[in-house]
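Colleague: Prediction below, plus the sequence it came from.
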Amino acid sequence: MKKILSLLKTCMSNNMSLFRVKNKNNSKTYKHILPIILFVFVFFAIYYYADIIIKPLIKINVGYIILSLIAIITFFLTLVEGIYKSSSLLFNCTDDNLLLSLPIKRHTVLFIRIFKFYVFELLYNAMFLLPVIVSYTVNVKVGYEYYITSLFMILLLPIIPIFISCVIGVFISFVSTRFKLKNIAQIFITTIFLLVMLYLSYNLESIAKNIASNATSINDFITKMYYPAGVYSKLVTNFNLSDLLVFIIINILLFIILILLFSKVYFKINSKVKEIKVNKHSKNYIVRANSQFLSLVKKELKRFTNTPVFVINAAFGLVLFLIVCVFIVIKSDTFLNFINQYGLSLKKNIITEYIPVILFALISFSSLMTSITSSMISLEGKSFNILKSLPIKPFKIIFSKVIAALIIMIPVILIGDSIMFIKFKFNFFSIIMIISLSIIIPLVSELIGIIVNLKYPKMNAESDTEIVKQSISSFISVLIGIVLIGINIFVIIKCIEYSISNYIILFGGIIVYIIILISLLIYLYRRGIKYFYNISV
Amino acid sequence: MIEIKNVTKKYGNKVALDDISFNVEDGEIFAFIGHNGAGKTTLIKSMVGIHDFDLGDIIINGKSIKNNDIDCKKEIAFVPDNPELYENMKAIRFINFICDMYEIDNDIRLTNIKKYAKIFEMEDYLNDEIGSFSHGMKQKIALIAALAHNPNVLIMDEPFVGLDPKAIFDMKKIMNEMVKDGKIVFFSTHILDVAEKLCSKVAIIKNGKLVKVGNMKDIKGDKSLEKVFLELEK
């Protein structure tokens, strides 16, 4: 037991360093300030929305529904996160050789891997759960049972999605090892799972209607939707120790089953995943000279395509953009009704006029949520020294990463644009402005990503997933993206409300984004290069 | 010529390099020795532009790494102690990538790659991914990539670690050929026998301070380099 605790302590402290921020003075206060600011920001954003939702619910004495609702939402979010992460977080970790050479049982190694996964999902869950729990406490008079129940919910709610995502992760890794092109197979299968998840969440309304017609009470309905959510609302409204114990035992059993079940297959798959295809030895090789910049861009693209979690992470936002564009084209009436119902109360013909602006909003959403460069410096890992020793200007190296990201993003966005151009017969000026925005906004997004990654690099991660999905750099980049999207959409809505013309909105968008772009370029040139030199591996 | 001029480097309060100064002339093989953590890798990383340093300057063939880093780096090839190469790249792609960075003509790089891949017996593996290689094979790829662009100054950190005996023999031969052409080979090592036989000059560093520098013969006198080194360590 002492051994396991020591191992956990070592592995976890290494992982938690992802959230620490290094600075020259290395002061502890500074190290923790940024993560705290980020946490407070997210906390209050969710708290604000929870507070708005809970008030009308309390009036009709069903305030507890918000707790079940957040339990269901976090289940979906954790599951999607888990599917992304599980296969690359569990397999082919850099500390495999060290841990497997130590005199510890194999299922202990597996336990550590899954526990680490659990801790990350726990933090992710808590980020959504805590604000809602606090909001409920502020608005409703609660007893000590509420706090006990909520504490156990925070601790146990991640287990079911982890169980499911681990099963899916093992399945993906197992199937992909059967293919010659393991990475492509992994990307393909993971994308299918994520699209299935997307389809299910899209159809949630009809599933809920079906369950509602067969449910006898609200609690029964919630329990049928998702068992832990039902238990949560039941315990909050009518605390019962035996129900809580049953819930705890079920989750602990699930965790134990997960480890026992996986220990049978995990190590076989892990060693298969590590196998690298070796070509038939041949003396024939191609040597082709490229320019420095082209060679750097090619290197980045190769790194991107060889990292499944990187591809999936980037592709998700872009594929979603394409799906939405196709959806708007095929079911334009449904979409316009949706906008009318949940967004702007305008006549359909007026909304149709604003389609280019809606496309602008979509482009900004998908571009700013897709930050490829926020991981690119960290993914260099210890090879970063190779780049530093080469006779190339740092700006060239940094910019090659931005260009590689744009090569991935812009064609997909332009395909989506073209579909919309054809369906809604955009005029020449709108087309030019939309294409300009389709280039400028991704560039802004990737410049933000690279600057943040230069400032907060993680050069010694245990796996690519840690960098792409769990690093402070990717978190900050997405957060900045969300803020920009929020401002963007708010301004667009206000402009439409004031009947400002399409052209002015698009042109204004171009000007604003160009100003941001120039500022970022200046910042990158002045400060980014300093950050580059300061990175020490 | 390499000129190390009063180089000082600090990590917080710890002085990693304390006012280091020495020169390496053209046509010299220079050994840089010291115990673990003495500051060898720190100086080497400063010489090739990986690390910044607080005071002093490093000038290679008249070009300062501080003020003219790009031109200075063009003179150098660097082989790190632990070859952390791009694991997902094929060996040939990696070598080609390095040659692209040094803007080497296609014909020259092809000739050099062929030459050094043959010497290090890596011709059959150039189409394989670096991730599938052993430490020694990665070291050989790092050496081929370094030599493929005909550097004037070859700087290596522990170049012999992981290499098989034949590769060590071949590497020593290549180093001797390079200095015959007036080029410089500068490397750190713990294998003192090799340093003693191969190098014309040596520098010994201890706790960030240079304790001895000069011709190999003058430094060791009648003793072995190992004995001199151990005496200095006391």
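Modeller: Yep, it's here.

Colleague: buried sites along stretch A:74-93?
Modeller: A:74-75, A:77-93 (16 or more other CB atoms under 10 Å in any protein chain shown). Backbone N, C-alpha and C define where each C-beta goes, glycine included.

Colleague: which residues does the nearest residue to residue A:415 once chain neighbours are set aside contact?
Modeller: Closest residue in space to residue A:415, ignoring its immediate chain neighbours: residue A:322 at 6.5 Å, by CB to CB, 6 or more residues apart in numbering or on different chains. Contacts of residue A:322 were listed using CB atoms under 8 Å, 6 or more residues apart in numbering or on different chains, and they are A:412, A:415-416.

Colleague: Neighbour-wise, which one of those residues leads?
Modeller: residue A:416 (25 neighbours; other CB atoms under 10 Å in any protein chain shown).

Colleague: What residues does that one make contact with?
Modeller: Contacts of residue A:416 by CB under 8 Å, 6+ apart are A:321-322, A:324-325, A:362.

Colleague: can you tell me which of the residues you listed are in helices?
Modeller: Residues of the contacts of residue A:416 located in helices (DSSP state H): A:321-322, A:324-325, A:362.

Colleague: Name the member of the residues you listed with the most neighbours.
Modeller: residue A:321 (24 neighbours).

Colleague: mind checking how far that residue is from chain B?
Modeller: For residue A:321, the distance to chain B equals 28 Å [CB to the nearest CB, to the nearest Å].

Colleague: Setting aside sequence neighbours, what's the nearest residue to that residue?
Modeller: Nearest one to residue A:321, counting by CB to CB, 6+ apart, is residue A:366 at 3.6 Å.

Colleague: And for that neighbour, the neighbour number?
Modeller: 27.

Colleague: Make sure it is actually in contact with residue A:320.
Modeller: Yes - Residue A:366 is within contact range of residue A:320, at 6.6 Å (criterion: CB atoms under 8 Å).

Colleague: How far does the helix or strand where residue A:310 lies sit from its chain's centre?
Modeller: Assessed by DSSP states H and E, residue A:310 sits inside helix A:308-330. Relative to its parent chain, helix A:308-330 has a centroid offset of 13 Å by CA atoms, centre = their mean, to the nearest Å.

Colleague: Buried residues, that helix. List them.
Modeller: Buried residues in helix A:308-330, counting neighbours by 16+ other CB under 10 Å, are found at A:308-322, A:324-325, A:328.

Colleague: and what of stretch A:95-111?
Modeller: A:96, A:99, A:107-111.

Colleague: And it, end to end?
Modeller: Stretch A:95-111 stretches 14 Å from its first residue to its last (CA to CA, to the nearest Å).

Colleague: Does that stretch reach chain B?
Modeller: No - judged by CB under 8 Å from any CB of the partner chain, stretch A:95-111 and chain B are separated, with a smallest distance of 12.4 Å.

Colleague: Could you give the bridge partners of the nearest residue to residue B:3 once chain neighbours are set aside?
Modeller: Taking CB to CB, 6+ apart, and ignoring the residues beside it in sequence, residue B:3 has residue B:59 as its nearest neighbour in space, at 4.2 Å. Residue B:59 forms beta bridges with residue B:3, residue B:64, as assigned by DSSP bridges.

Colleague: So residue B:59 is in contact with residue B:2, correct?
Modeller: Yes - using CB under 8 Å, residue B:59 is in contact with residue B:2, at 7.4 Å.

Colleague: which residues sit in contact with residue 74?
Modeller: In the absence of a named chain, this looks at chain A. Applying CB under 8 Å, 6+ apart to residue A:74 gives the contacts A:125, A:128-129, A:157.

Colleague: should've been chain B
Modeller: By CB under 8 Å, 6+ apart, the neighbours of residue B:74 are A:391, B:102.

Colleague: separation between it and residue B:147?
Modeller: 15 Å (CB to CB, to the nearest Å).

Colleague: is it true that residue A:381 touches residue A:462?
Modeller: No - taking CB under 8 Å as the definition, residue A:381 is not a contact partner of residue A:462, at 10.5 Å.

Colleague: For residue A:165, give its distance to chain B.
Modeller: Relative to chain B, and taking CB to the nearest CB, residue A:165 is found at 25 Å.

Colleague: That residue reaches residue A:82, doesn't it?
Modeller: Yes - assessed by CB under 8 Å, residue A:165 is found in contact with residue A:82 at 2.6 Å.

Colleague: max-length helix in chain B?
Modeller: helix B:165-180.

Colleague: Which elements pack onto the helix or strand that it is followed by?
Modeller: Next along the chain after helix B:165-180, taking DSSP H and E as the criterion, comes strand B:184-188. Counting contacts by 3 or more CB pairs under 8 Å, 6 or more residues apart in numbering or on different chains; DSSP states H and E, strand B:184-188 is packed against strand B:29-34, helix B:40-47, strand B:153-157, helix B:165-180.

Colleague: Take those and lay them out in CSV including mean neighbour count and distance to residue B:106.
Modeller: Shown next, in CSV, are the helices and strands packed on strand B:184-188 (neighbours: other CB atoms under 10 Å in any protein chain shown; distance: least, CB to CB, whole Å):
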stretch, mean neighbour count, distance to residue B:106
strand B:29-34, 25, 31
helix B:40-47, 24, 29
strand B:153-157, 24, 22
helix B:165-180, 15, 22
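
Colleague: Of those, which is nearest chain A?
Modeller: helix B:40-47 (7.4 Å; CB to the nearest CB).

Colleague: Please see if that closest one touches chain A.
Modeller: Yes - judged by CB under 8 Å from any CB, helix B:40-47 and chain A are in contact via residue B:45.

Colleague: elements contacting that helix?
Modeller: strand B:2-11, strand B:14-24, strand B:29-34, strand B:55-60, strand B:153-157, strand B:184-188.

Colleague: Would you mind writing the CA trace of the third one as CSV?
Modeller: Coordinates of the C-alpha atoms in strand B:29-34 are reproduced here as CSV (Å, rounded to 0.1, in the frame of the first residue of the first chain):
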residue,chain,number,x,y,z
ILE,B,29,40.3,18.0,-31.8
PHE,B,30,39.4,19.4,-28.4
ALA,B,31,38.2,17.4,-25.5
PHE,B,32,36.1,19.0,-22.8
ILE,B,33,36.0,16.9,-19.6
GLY,B,34,34.5,17.2,-16.2
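
Colleague: now it, how far from the chain's geometric center?
Modeller: 9 Å.

Colleague: Tell me the confidence at the residue most central in space within chain B?
Modeller: Centroid check for chain B by CA atoms, centre = their mean gives residue B:156 as the closest residue, at 1.6 Å. Looking at residue B:156, its pLDDT reads 95.

Colleague: give the contact list for it.
Modeller: B:78-79, B:146, B:185-188.

Colleague: Nearest to chain A, out of those residues: which one, please.
Modeller: residue B:78 (4.5 Å).

Colleague: Check the secondary structure at that closest one for me.
Modeller: strand (DSSP: H, G, I helix; E, B strand; the rest coil).

Colleague: Now do it against residue B:63, distance only.
Modeller: Distance from residue B:78 to residue B:63, by CB to CB: 15 Å.

Colleague: now swap in residue B:121 and tell me
Modeller: 35 Å.

Colleague: The two: which is more packed in?
Modeller: residue B:63 (18 against 14).

Colleague: tell me the contacts of the nearest residue to residue A:299 once chain neighbours are set aside?
Modeller: In space, and not counting its chain neighbours, residue A:299 is closest to residue B:97: 5.8 Å by CB to CB, 6+ apart. Residues near residue B:97 by CB under 8 Å, 6+ apart: A:295, A:298-299, B:86, B:89.
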